[in-house]
Each structure stands twice: as C-alpha cells, then as structure tokens.
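K.L.:
Got a sequence here, can you build the structure:
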Amino acid sequence: MSGFVSSFFSRTLGCLRRVFARGNVFAVAPLVLAISGCGPSKPVEENRELVVYSAGPRELAEWVCAAFEKETGSKTRLFVATTGEVMAKLQAEESHPVADVVILASSIAAEVLKQSDALSPLPELPATPPSEWLDSDRRYAGTSASALGIAVRTDHLGEIRDWDDVFAGRVSGSLIMPSPSQSGTSGEFVTAAHLAMGEKLWDGLKTAKKGGLQISGPNSQALTSLILGSHVAVLAAADYLVFKQIERGEPLAMVFPPSGCPVIPRPIAILRGAHNPALAGKFVQFWFSRPVQEEIARQHLIPAIADIPLSDLRRQAELHPLPLDPVQAVQVQREVLKRFRYEIERN
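P.N.:
Presented below is the predicted three-dimensional model:
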C-alpha cells in the first residue's frame, strides 16, 4: 500500500472516531489523487450516480464497477486509494458527504466507522460470507480476504518455515517489514500478532531488528525491494500481491507460518450519508454475486463464497489463521502501534 496522506493507524484512528462522533471536521492534508470512473465523472447532484470509494486492488474495483453498470444501467464514480487515504477523504468530506459505498482493506477501519455511527445497515446478501467476516450488527461484511505471511525469494525458501526462524535470526540475508505507519496491512498484522502472541511478538521483533530487520515504507515498496533482490524476505506481506508477482515469473514464494498468520477481510459498507441508498444496497449485493466472487478468486484473493474455486497459486497454500476481533483490535491498536514505533521502528 502506498504512503498515507495522514497515517490512519498511528494518527487518524482516535481523531476519526471523535470527528464522526462529535460532527467536527479537522484539517487534512490535500489529496492529490485522481478520481477515475467506470462512468462519466459528473456531479452527484446532476445524475445521481453511485459514488464508490475503494481500497485496492484498483483492477478489481474497476472491473466490478464496469460489470455493475452493464448489469443495472446505473452509472458509478470510483475513487481508488489506500485504506488510510480513503478514510482521510471521508474525514475531509464529513460535513458534505459525497460517497455512497466504501470498500476497505481493513476490518479495523470498518469497525471505527461503525463505532462512529457512520454506517447504515446492509441489505440481505445473496450469499453469506464466513461468520467472522460479517459484523454482528450487519454494518459491514467482508467481500474477500487476504492473508499476511512472509514473502521469500525462492533461493532462501528453506530457511523460513515459521515466525521462530525470523525471530531467532536464523535467516541468512536482510529482511524488511512495511512500516505500520505507512501500511494498513502491516498495522493489522502487528495488532493481530500482538493479540495472539503477546510478548513473544515483541521479543522476536527486537531480536530480528538487532539482526538487521528494516522497517521501511508501504507494502508495495517492501515488495519491490524483494523483487530487486535488496532483501530476501518481507514480513507481513499481503499474499495476493505476491501471487501476482509469481504469476509474472518473479522468483518468489509465500510462507504461511503453521503457528498462524492474520487473514484480513476486505469489508464493504454503506455510508449513513449516502445520496443513493437503494442503489448502494444493490451494489453491495452485487459484490456477493457469483460472477464478482469468481473475479475475486482470479485475482488471488479469498472469495466470500465458500464453493468458489480458488486460484491455482492460492489452492496450494495451507492457512492457519490468527483470530482477530475488530472490536478488540480497535481498543488496543493505538497503543500497539505506538509501542511498535518507539520500541521497534526507532531503535
């Protein structure tokens, strides 16, 4: 994921909850981001088009919007960015809502919006996602998911089988981990690992850091350094991005530690200020239709419908998910990321 305009996980989390709860707006750095659409970019008031804010992958969001337009004849206007950038844009527009639907790469971010009373109830879905992907109050539901494991260059594959190999410094080569202040997936990884492993995580990260673990940049930057050979492994790597590089012929592999790794749903929600709530409901339902779920699988994400065939690369993976309760995660994440910043990143 690219750098945040305002770091959602380390700076924005508390502010966002206060903004939506109190109805305040605070200054957000300008976003120099293009709004690309599957349909014409006319004002919402003019043609009542559906406005969609989505985290990546851009290719998937654009495909779904185009298919929805063809299916319904309705127009969509799409904004694609990182989860942090999407959240910052929602903040900036809080007093004058623009978006109807939001799709995030973070269940924690969706929970923040829910707790801020910024989401409307979902319609009945044509297919039921896994229970842990569906909010108990039906304010958001995971359309897909990705697992956060260890991306490794194939010539070092035998050295890394579990987190203990990393934490004990048994890898002969330099490691990199995306900064949780710049990568939403890395922030989710640290929070989930903290809740599951406790002090073992912190002791291991400190050992790895002393052994040369680099904390730098967003997920995409860390993956690029792996492709170029600057590092031999990336911790907290989003698997579908690595699978895409493997598909292109890069000598990479994904390791999913048998002791567990986070599996992060990618939730969709209808915003309370939606201009087009009925159409927004149809759009949400469309994400859980079979054609969309099949496209999700083709892009190496985990589909929400259990009987959708997985991609060949994903079918080979054996996952041992670490549990992550979004409500609990919201309560601890601010302190977890603060601790990471001071005990790991700055040392």
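K.L.:
Secondary structure element holding residue 78?
P.N.:
Applying DSSP states H and E as the criterion places residue 78 in strand 76-81.
K.L.:
so where do the strands sit in the stretch 151-300 of the chain?
P.N.:
Per DSSP state E, counting those that start in this stretch, the stretch 151-300 of the chain carries strands over the ranges 175-177, 214-215, 233-238, 252-255, 261-271.
K.L.:
now the ones you listed as JSON lines including mean pLDDT, mean neighbour count and distance to residue 128?
P.N.:
Just so you know, the C-beta spots here come from the backbone N, C-alpha and C atoms, and that holds for glycine as well. Listed next are the strands of the stretch 151-300 of the chain as JSON lines, based on pLDDT from 0 to 100; neighbours: other C-beta atoms under 10 Å; distance: least, C-beta to C-beta, whole Å:
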{"stretch": "strand 175-177", "mean pLDDT": "94", "mean neighbour count": "27", "distance to residue 128": "35"}
{"stretch": "strand 214-215", "mean pLDDT": "92", "mean neighbour count": "20", "distance to residue 128": "39"}
{"stretch": "strand 233-238", "mean pLDDT": "94", "mean neighbour count": "28", "distance to residue 128": "25"}
{"stretch": "strand 252-255", "mean pLDDT": "96", "mean neighbour count": "22", "distance to residue 128": "28"}
{"stretch": "strand 261-271", "mean pLDDT": "96", "mean neighbour count": "26", "distance to residue 128": "13"}
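K.L.:
Show me the chain divided up by domain.
P.N.:
Domains of the chain are assigned by automatic domain parsing as 8-145+263-313, 148-262+329-345.
K.L.:
and these, which one is worst for confidence?
P.N.:
For the domains of the chain, mean pLDDT drops lowest on domain 8-145+263-313, to a mean of 83.
K.L.:
and residue 229, what are its phi and psi?
P.N.:
phi 90, psi 10 (degrees, to the nearest 10).
K.L.:
Contact partners for it?
P.N.:
residue 153 (C-beta atoms under 8 Å, 6 or more residues apart in numbering).
K.L.:
Just give me the neighbour total for residue 331.
P.N.:
For residue 331, the count of nearby residues is 11 (other C-beta atoms under 10 Å).
K.L.:
tell me which element it falls in.
P.N.:
Residue 331 belongs to helix 326-340, assigned by DSSP H and E.
K.L.:
Pull that helix out as PDB, backbone CA atoms only.
P.N.:
Written as PDB, here are the backbone C-alpha positions of helix 326-340 (Å, rounded to 0.1, in the frame of the first residue of the first chain):
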ATOM      1  CA  PRO A 326     -12.200  -6.000  15.200                       C
ATOM      2  CA  VAL A 327     -13.800  -4.600  18.300                       C
ATOM      3  CA  GLN A 328     -10.900  -5.700  20.500                       C
ATOM      4  CA  ALA A 329      -8.400  -4.600  17.900                       C
ATOM      5  CA  VAL A 330      -9.800  -1.000  17.800                       C
ATOM      6  CA  GLN A 331      -9.400  -0.900  21.600                       C
ATOM      7  CA  VAL A 332      -5.700  -1.800  21.500                       C
ATOM      8  CA  GLN A 333      -4.400  -0.800  18.200                       C
ATOM      9  CA  ARG A 334      -3.400   2.800  19.000                       C
ATOM     10  CA  GLU A 335      -1.200   1.700  21.900                       C
ATOM     11  CA  VAL A 336       0.200  -1.300  19.900                       C
ATOM     12  CA  LEU A 337       1.300   0.900  17.100                       C
ATOM     13  CA  LYS A 338       2.700   3.500  19.500                       C
ATOM     14  CA  ARG A 339       4.700   0.700  21.100                       C
ATOM     15  CA  PHE A 340       5.900  -0.500  17.800                       C
END
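K.L.:
so what secondary structure elements neighbour it?
P.N.:
Contact here means 3 or more C-beta pairs under 8 Å, 6 or more residues apart in numbering; DSSP states H and E; on that basis helix 326-340 packs against helix 13-22, helix 107-115, helix 184-197.
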